[in-house]
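**Q** Need coordinates for the following:
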Amino acid sequence: MVLLQPIFQQCSSAFTPSLAISRPQFRVLVSKPAVICCRSSQSETAVVNGNVDGRVVERNEIRLGLPSKGRMAEDTLDLLKDCQLSVKQVNPRQYVAQIPQLTNIEVWFQRPKDIVRKLLSGDLDLGIVGLDTVSEYGQGNEDLIIVHDALDYGDCRLSLAIPKYGIFENINSLKELAEMPQWTVEKPLRVATGFTYLGAKFVRENGLKHVTFSTADGALGAAPAMGIADAILDLVSSGTTLRENNLKEIEGGVVLESQAVLVASRKSLIQRKGALYTTHEILERLEAHLRAVGQFMVTANMRGSSAEEVAERVLSQPSLSGLQGPTVSPVFCKRDGKVSADYYAIVICVPKKALYKSVQQLRAIGGSGVLISPLTYIFDEETPRWRELLSKLGLKSFPVC
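**A** Numbers count the residues shown, from 1 in each chain. The predicted model follows:
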């Protein structure tokens with residue numbers, strides 16, 4: 001049985017809450033933000049993070065939360081621009097902006113963790129953040145729905161890292177770390193992290209005993225060297241920072257693979273007028289653009305007796321199948337006053353990594369005048385993730401036209 005006992009430390013203006021989580025076989029100390037309440041003899045004041053009861057706030061605009069700073073913010077704006085959804089700010093210092101193509105959208109620039117909190121409170125309807133942020137601050141709340149789980153940027157992993165030296169020199173897996181005799185109730189494994197929820201969940205699911213977490217932000221890599229912690233749980237991209245601080249990842253120590261995702265409030269999608277329709281348009285634009293990234297349209301002319309005969313030649317080459325198959329159409333020429341179709345035009349879609357090989361194969365079967373152009377969008381008959389979203393919402397269909 002998990003026992004939660006709030007511990008409050010009094011300060012001059014408020015209480016800073018801390019949660020102590022204890023289990024029979026390990027201990028986890030977690031500091032978390034919560035509702036801050038201050039009372040005096042003359043007045044009573046409550047300070048909360050957003051809408052307490054979680055009801056959908058009455059307003060006409062659909063609110064989209066975007067990261068306000070850093071690489072994630074830049075990459076998010078670039079992606080939306082590539083989808084013809086450029087964000088327009090009157091003043092770069094303002095926290096609110098517009099997307100002219102979506103007249104009912106308000107863009108709000110927020111810290112990633114505040115985007116998740118405000119989705120839960122009903123102050124935002126949609127947001128783009130890392131999956132790590134959704135998982136840590138959403139804490140499995142069913143009101144959060146991942147609309148698109150792979151926006152192809154912000155790739156990283158939440159991973160446990162230990163020193164390369166000392167008692168950890170020969171430790172290379174989570175199993176070996178857990179079996180070290182040094183960890184006891186009196187002297188647990190100390191882990192510095194900003195992900196106390198995911199860290200505690202990982203410990204429970206992997207049966208680690210005698211672990212404590214200390215909350216920290218910023219340069220976690222220095223914690224073991226300073227003697228503040230034995231290990232860290234942090235986001236890792238290339239691993240360079242870990243190596244430069246004499247730290248290493250271990251087998252089985254990856255808590256979560258993360259990248260940017262589009263997330264929504266379930267209540268907003270169901271209850272707020274226009275929210276689901278706007279989400280559909282954003283999702284379609286994202287899906288169409290991301291599917292087209294790295295794809296090229298290849299056009300070539302080829303002699304042949306019929307469209308079927310030319311198609312057979314094209315399909316005999318493994319790199320020329322395209323999305324569903326080649327498009328073959330006659331090319332009409334006028335010779336001796338007569339119009340005839342001696343050539344056929346072939347159009348196929350080819351991924352970048354197979355581009356040159358595809359051109360070689362086309363020329364080998366008689367293709368000439370090969371033209372290549374990058375694709376901007378590939379729209380499917382129906383966006384696959386749209387059907388998944390409707391299923392999550394318990395809807396069989398929704399009119400979008």
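
**Q** Against Ser373, how distant is the residue nearest to Leu375 when sequence neighbours are not counted?
**A** Nearest non-adjacent residue to Leu375, counting by C-beta to C-beta, 6 or more residues apart in numbering: Ala292, 4.1 Å away. Every C-beta, even on glycine, is put in place using the N, C-alpha and C of the backbone. Using C-beta to C-beta, to the nearest Å, Ala292 is found at 11 Å from Ser373.

**Q** rewinding a little: what sits against the residue nearest to Leu375?
**A** Going by C-beta atoms under 8 Å, 6 or more residues apart in numbering, Ala292 touches Leu375, Thr376, Tyr377, Ile378.

**Q** now, the most widely separated pair of the residues you listed?
**A** Thr376 and Ile378 (8.7 Å; C-beta to C-beta).

**Q** In terms of neighbours, single out the busier of the two.
**A** Ile378 (16 against 13; other C-beta atoms under 10 Å).

**Q** Relative to Val314, how far out is the more buried one?
**A** 20 Å.

**Q** which SS state does Ile228 fall under?
**A** coil (DSSP: H, G, I helix; E, B strand; the rest coil).

**Q** give the contact list for it.
**A** So Ile228 contacts Arg190, Ala192, Ser214, Ala216 (C-beta under 8 Å, 6+ apart).

**Q** what are the phi and psi angles of it?
**A** phi -80, psi -30 (degrees, to the nearest 10).

**Q** which residue ranges form the helices in this protein?
**A** For the chain, the helices defined by DSSP state H cover 70-82, 112-121, 131-138, 174-178, 196-206, 223-226, 240-244, 266-271, 275-292, 307-315, 355-364, 384-392.

**Q** May I see the buried residues of stretch 277-294?
**A** 278-280, 282-292 (16 or more other C-beta atoms under 10 Å).

**Q** what do you get for stretch 159-175?
**A** Ser159, Leu160, Ala161, Ile162, Pro163, Phe168, Ile171, Asn172, Leu174.

**Q** The last one and Gly194, how far apart?
**A** Right, Leu174. 20 Å.

**Q** Next: the fifth one.
**A** Distance, Pro163 to Gly194, by C-beta to C-beta: 19 Å.

**Q** now stretch 59-66: mean pLDDT?
**A** Throughout stretch 59-66, pLDDT has a mean value of 94.

**Q** Output that stretch in PDB, but only the C-alpha positions, please.
**A** Extracted in PDB, the C-alpha atoms of stretch 59-66 (Å, rounded to 0.1, in the frame of the first residue of the first chain):
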ATOM      1  CA  ARG A  59     -15.000  31.300 -24.600                       C
ATOM      2  CA  ASN A  60     -15.200  31.300 -28.400                       C
ATOM      3  CA  GLU A  61     -11.500  30.900 -29.200                       C
ATOM      4  CA  ILE A  62      -9.600  27.600 -29.400                       C
ATOM      5  CA  ARG A  63      -6.400  28.100 -27.400                       C
ATOM      6  CA  LEU A  64      -3.200  26.400 -28.700                       C
ATOM      7  CA  GLY A  65      -0.200  26.400 -26.300                       C
ATOM      8  CA  LEU A  66       3.300  26.500 -27.800                       C
END
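
**Q** Return the residues in contact with Ala364.
**A** Gln317.

**Q** picking up where we left off before, of all the helices of the chain, which lies closest to Val331?
**A** The nearest among those, by C-beta to C-beta, is helix 307-315 at 10.7 Å.

**Q** who's in contact with the closest one?
**A** Contacts of helix 307-315 (C-beta under 8 Å, 6+ apart): 302, 304, 320-321, 325-326, 328-330, 344, 346, 348, 362, 365-366.

**Q** what do you get if the cut-off is 10 Å, keeping everything else the same?
**A** By C-beta atoms under 10 Å, 6 or more residues apart in numbering, the residues outside helix 307-315 that reach it are 300, 302-304, 306, 320-322, 325-330, 341, 343-346, 348, 361-362, 364-367.

**Q** Among those, name the buried ones.
**A** 300, 302, 304, 320, 322, 326-328, 343-346, 348, 361-362, 365, 367.

**Q** Looking at these, which are in strands?
**A** Taking DSSP state E as the definition of strands, these contribute Ala300, Met302, Thr327, Val328, Tyr343, Tyr344, Ala345, Ile346, Ile348, Gly367.

**Q** Looking at those residues, which is nearest Leu262?
**A** After measuring these against Leu262 - C-beta to C-beta - the closest member comes out as Ile348, at 30.6 Å.

**Q** Tell me the spacing between that closest one and Met302.
**A** 12 Å.

**Q** Need the residues touching each of those two.
**A** Counting by C-beta under 10 Å, 6+ apart, the residues touching both Ile348 and Met302 are Val314, Val328, Leu362.
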